[in-house]
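> sequence first, then the predicted structure, then my questions.
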Amino acid sequence: MTTKKAPVTMGGDIARFGFAIFLATVFGAVQVFAIPRKLDIATYGEYRIFLLWAGYIGVLHFGLADGAFLRWAGRPMGGIRHEAAVVTRWLIGIGVALLVLAVAASVVVSDPLSRVYLVGMALAALAMNTATLIGYALQAAGDFRGAGRVAALSPGLFVAAIVFLPLHSLTAVLAAYVISFGVAAAVGALRITRAAFDETTAPPEALDFRVLMRTGIPVLGAITAASLSQFGDRILVSVAVPITSFALYGFASSVMVTANAATQALSRVALSHAARLPADGEARAVLLGGFYDLIAAGFGAAMAGVPLFEFLVGRTLPVYMPAIPIVRALVVGSPFWVGIHVVLVGTLQSYGLVRKQLALELVGLALVVLLCGGLLLAHTELWVVASGSTAAAVVAWGFGIAYVRRLLPSAGEQPALRFAMISTIQGVAVLLALSLHASWLVQSAAYVALGGVPTVVAARAAQRHGW
């Protein structure tokens, strides 16, 4: 007697992958407090610079992983398995070649820190890009349980190494970071190899390295522009202030791990399910627009934990208390960044408008450079620079609404106005609660009293989507 599998639903995939991303977020929160206790503030600043630039090493697969994801989206794992092995070998070949070049360059570089960065970035590119490709294969096939394991395993292993091993140098921390991604990639690859091969699902086109890169490069360009627009303020700050000041800004931006995790979880689930709907109607735009309510509900719930975070920083890491105003300035803009990259960019990408997606991201990047760069040139305080990043997010989101609706009139069905109103009320509510000179419990209660109703409204609206 066989057991009938439950039908795959978007809500189930969000729950499965979302839980894994939640675990990754928890591990990220542990890192926020654990790593600064292991490293002095200057070394922590060097580590944050590595993380800042490590976020862009995806460009070193030259669009190969993104082209593969677009090719595989909506196909069963049995039809992906063989191709995934081939593309993984190609990707590892690129990574090994880059590592050889990095080692050769490190021989002629005299600065020890630069040598660590060169080799560390090359190793991270090899491990992280391989893990990304494996995760893409699992996501494309709708195996969000397996993709979730890959997403949660790397930060989990890294946190375990930080907590239980005597890692007090930048080199040791980076080695643990790279190894954790390598193990996660291996676990995901093992899950793919166990899938039953199904040759009937293979597409008629032969697998071609150059075609994958040509297809993936526009997507990679858009993703890179998205990352630059979302983290451009950190790049500008890193080159404009001393390393110890950047350590404070980097510590504050680490709180954005929740928003980054939400973007990762929701965007992949959204694209996987949107790809199964007809591309010649409004179904994809309507489906993606429903994520606005989910984003607002999640943001409202997450903000209740900000007073506790500030309390813990004061008790365990008092040297980083000057970063708190930066945290407050960044968090209120986070739902708009998530909305841009899950709903607006996702809508364009689902309809194949990849170059239009890139144009939207470049507008966001230009706004960040103009606002945050101007504030840095004016020598304003860092929390003001962070406020500029939030302002750029809001303006870019507003521009994106008009841009997407002009290209896709069906996107008018997306509940953008409700999202903007609810997110604004929630942001104001958390700032008002934090302004109270009271315990974190009182501040949290005040936030719930002020922002609870709009959060419940968003949650109920999300439920009506059937998730």
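Perfect, I can see it now. Because the structure is a prediction, the values reported are computed rather than measured.

> any regions of the stretch 351-467 of the chain where pLDDT drops low?
Along the stretch 351-467 of the chain, segments meeting pLDDT under 70 span 412, 465-467.

> which residue ranges form the helices in it?
354-377, 382-407, 416-434, 440-463 (DSSP state H, counting those that start in this stretch).

> just checking, what packs against the third one?
In terms of contact count using 3 or more Cβ pairs under 8 Å, 6 or more residues apart in numbering; DSSP states H and E, helix 416-434 is assigned the packing partners helix 291-303, helix 306-316, helix 324-331, helix 334-339, helix 440-463. All C-beta atoms are positioned from the backbone trio N, CA, C, and that covers glycine.

> cutoff 10 Å now
helix 291-303, helix 306-316, helix 324-331, helix 334-339, helix 382-407, helix 440-463 (3 or more Cβ pairs under 10 Å, 6 or more residues apart in numbering; DSSP states H and E).

> need the winner for burial among those.
When the helices and strands packed on helix 416-434 are scored by mean count of other Cβ atoms under 10 Å, the highest mean neighbour count falls to helix 334-339 (a mean of 28).

> please save the CA atoms from that helix in CSV.
Extracted as CSV, the C-alpha positions of helix 334-339 are listed here (Å, rounded to 0.1, in the frame of the first residue of the first chain):
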residue,chain,number,x,y,z
SER,A,334,13.7,47.1,5.6
PRO,A,335,10.2,46.2,4.5
PHE,A,336,10.5,48.4,1.4
TRP,A,337,13.8,46.8,0.4
VAL,A,338,12.1,43.4,0.8
GLY,A,339,9.1,44.6,-1.2
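
> please name every helix or strand in contact with it.
helix 209-240, helix 257-274, helix 291-303, helix 382-407, helix 416-434.

> can you give me the angle the shortest one makes with helix 416-434?
Interaxial angle, helix 291-303 versus helix 416-434 (axes from the mean of the first three to the mean of the last three Cα atoms, to 10 degrees): 10 degrees.

> average pLDDT across helix 291-303?
Mean pLDDT, computed over helix 291-303, is 92.

> how far away from the center of its chain is it?
In terms of Cα atoms, centre = their mean, to the nearest Å, the centre of helix 291-303 is found 16 Å from the chain centre.

> tell me the angle that helix makes with helix 324-331.
Orientation check (the same axes, to 10 degrees): helix 291-303 against helix 324-331 gives 160 degrees.

> what do you get for the last one?
An angle of 170 degrees separates the directions of helix 416-434 and helix 324-331 when computed by the same axes, to 10 degrees.

> cool, the first one as well?
For helix 209-240 and helix 324-331, the angle between their directions (the same axes, to 10 degrees) works out to 150 degrees.

> distance check, M321 against V313.
As judged by Cβ to Cβ, to the nearest Å, M321 and V313 stand 6 Å apart.

> also V448?
Distance, V448 to V313, by Cβ to Cβ: 21 Å.

> again, but for T88
Separation of T88 from V313 (Cβ to Cβ): 41 Å.

> ok, how many other residues are close to A283?
Neighbour count for A283, taken as other Cβ atoms under 10 Å: 15.

> who's in contact with it?
A274, R276, L277, S350, S410 (Cβ atoms under 10 Å, 6 or more residues apart in numbering).

> the fourth one reaches G281, doesn't it?
No. When contacts are counted by Cβ atoms under 10 Å, S350 is not listed as touching G281 (11.8 Å).

> wait, I57 sits on M121?
Yes. Under the criterion of Cβ under 10 Å, I57 makes contact with M121 at 6.0 Å.

> mutual contacts of those two, please.
Each of L98, M128 lies in contact with both I57 and M121 under the rule Cβ under 10 Å, 6+ apart.

> so what's the residue nearest the centre of the chain scoring on pLDDT?
Closest residue to the average C-alpha location of the chain: N260 at 3.4 Å, with Cα atoms, centre = their mean. The per-residue pLDDT reported for N260 equals 72.

> and if you look at I217?
In this model, I217 carries a pLDDT of 79.

> burial of it, as a residue count?
Residues contacting I217 under the criterion other Cβ under 10 Å number 17.

> pretty sure it contacts A65?
No. Between I217 and A65 there is no contact under Cβ under 10 Å: 11.1 Å.

> what subset of the contacts of A283 is buried?
A274, L277, S350, S410 (16 or more other Cβ atoms under 10 Å).

> how about the contacts made by the first one?
It stands for A274. 10, 73-74, 283-288, 346-347, 349-351.

> do the second one as well
By Cβ under 10 Å, 6+ apart, L277 lies in contact with G74, A283, R284, A285, V286, L287, L288, S350.

> of those, just the buried ones, PyMOL syntax please.
Under the burial definition 16+ other Cβ under 10 Å, those of the contacts of L277 that qualify are selected in PyMOL by:
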select buried, resi 284+285+286+287+288+350
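
> understood, closing this out.
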